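> Got a sequence here, can you build the structure:
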Amino acid sequence: MKLSQIIAKTPDLDALNSQVDGDIEIAGITADSREVRPGFLFAALPGVSIDGAKFIPAAIAAGA
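Coordinates of the predicted model:
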């Protein structure tokens, strides 16, 4: 699925349309940075004790 298709189905993400390359092919999605593979979309969700945003650098390094 293309990133543009995900954004189009999520009204709260409309502002991203002009900020990202919507032609990126998304191979999968995960909220666990240890499961990220090249082409995955990483969902940095707030957790009970740790905010997922803390793991953004690791997810990017893994190919998100």
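
> most remote residue from this structure's center?
In the chain, counting by Cα atoms, centre = their mean, Ser49 sits farthest out from the average C-alpha position, at 20.7 Å.

> Next up, phi/psi of that one, please.
Backbone torsions of Ser49, given as degrees, to the nearest 10, read phi -120, psi -20.

> Then the one 4 residues further on?
With angles defined as degrees, to the nearest 10, Ala53 sits at phi -60, psi -20.

> give me the low-pLDDT residue ranges for this structure?
Along the chain, segments meeting pLDDT under 70 span 9-22.

> if you set the cut-off to 80 instead, what comes out?
3-23 (pLDDT under 80).

> just so I have it, where are all the strands in it?
28-30, 40-42 (DSSP state E).

> Relative to the first one, what are the paired strands and their orientations?
Taking DSSP bridges as the criterion, strand 28-30 sits next to strand 40-42 (parallel) in its sheet.

> Any chance you could list what contacts the strand it pairs with?
3, 6, 26-31, 33, 36, 55-56, 59-60, 62-64 (Cβ atoms under 8 Å, 6 or more residues apart in numbering). Any C-beta I mention is one placed from the backbone N, CA and C, and that applies to glycine too.

> circling back: what's the most buried one of the strands of the chain?
strand 40-42 (a mean of 19; mean count of other Cβ atoms under 10 Å).

> Any buried residues in stretch 30-47, and which?
For stretch 30-47, a neighbour-count test (16 or more other Cβ atoms under 10 Å) marks 30, 33, 36, 40-42 as buried.

> of all these, which two lie farthest apart?
Ser33 and Leu41 (12.0 Å; Cβ to Cβ).

> Residues that sit against both of those two, list them.
Ala64.

> need the helices for this protein, in chain order.
Ranges of helices in the chain, per DSSP state H, are 3-8, 56-61.

> For the last one, buried residues please.
Looking back up the chat, that one is helix 56-61. Applying 16+ other Cβ under 10 Å to helix 56-61 flags Ala59 as buried.

> Excluding its own residues, what touches that helix? List them.
Against helix 56-61 from outside (Cβ under 8 Å, 6+ apart): 33-34, 36, 40, 42, 44.
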